[in-house]
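Enquirer: have a look at this prediction, sequence included:
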Amino acid sequence: MQFDVDVGKQQPMILASKFDKNGTRTMAIFTKPELATERAKRIVTEHIWGKQDPVLKLGYWIVTTRRSDDIGMAPEVVQAREHLVE
């Protein structure tokens, strides 16, 4: 799901609420976080912390593409970023 729109109103979340009422079989993957407004960031954060339905037990992932300035980064920066993911 794109990060920049109201999460609860997106079709995947509506279907997850309908078919996985306990949220035990569904995870959310958000894309394009760089496009998010402050309101969208707040809403996604509330979902991640379980303050809005549906609460997904498998969690939420945020995926972004590499920026052109990320290419050719120093190895220690790459290692630091990889460590954050772990």
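Expert: Thanks, I have it.
Enquirer: so what's the nearest residue to residue 63 once chain neighbours are set aside bridging to?
Expert: Leaving out its chain neighbours, the residue that sits closest to residue 63 by Cβ to Cβ, 6 or more residues apart in numbering is residue 31, at 5.4 Å. C-beta coordinates here come from the backbone N, C-alpha and C atoms, glycine included. Note on residue 31: beta-bridge partners by DSSP bridges are residue 2, residue 63.
Enquirer: count of neighbours near residue 60?
Expert: When neighbours are counted by other Cβ atoms under 10 Å, residue 60 registers 16.
Enquirer: and it, what are its phi and psi?
Expert: phi -130, psi 140 (degrees, to the nearest 10).
Enquirer: would you check that it makes contact with residue 48?
Expert: Yes: using Cβ atoms under 8 Å, residue 60 is in contact with residue 48, at 4.9 Å.
Enquirer: quick one: contacts for residue 60?
Expert: If you count contacts by Cβ atoms under 8 Å, 6 or more residues apart in numbering, residue 60 has them with 27, 28, 29, 30, 44, 47, 48.
Enquirer: so which bits of stretch 33-47 are buried?
Expert: 36, 40, 43, 44, 47 (16 or more other Cβ atoms under 10 Å).
Enquirer: can you pull out the helices in this structure?
Expert: Using DSSP state H, the helices of the chain run over 11-19, 38-48, 75-85.
Enquirer: which of the ones you listed comes out lowest on mean pLDDT?
Expert: Note on those: helix 75-85 shows the lowest mean pLDDT, a mean of 62.
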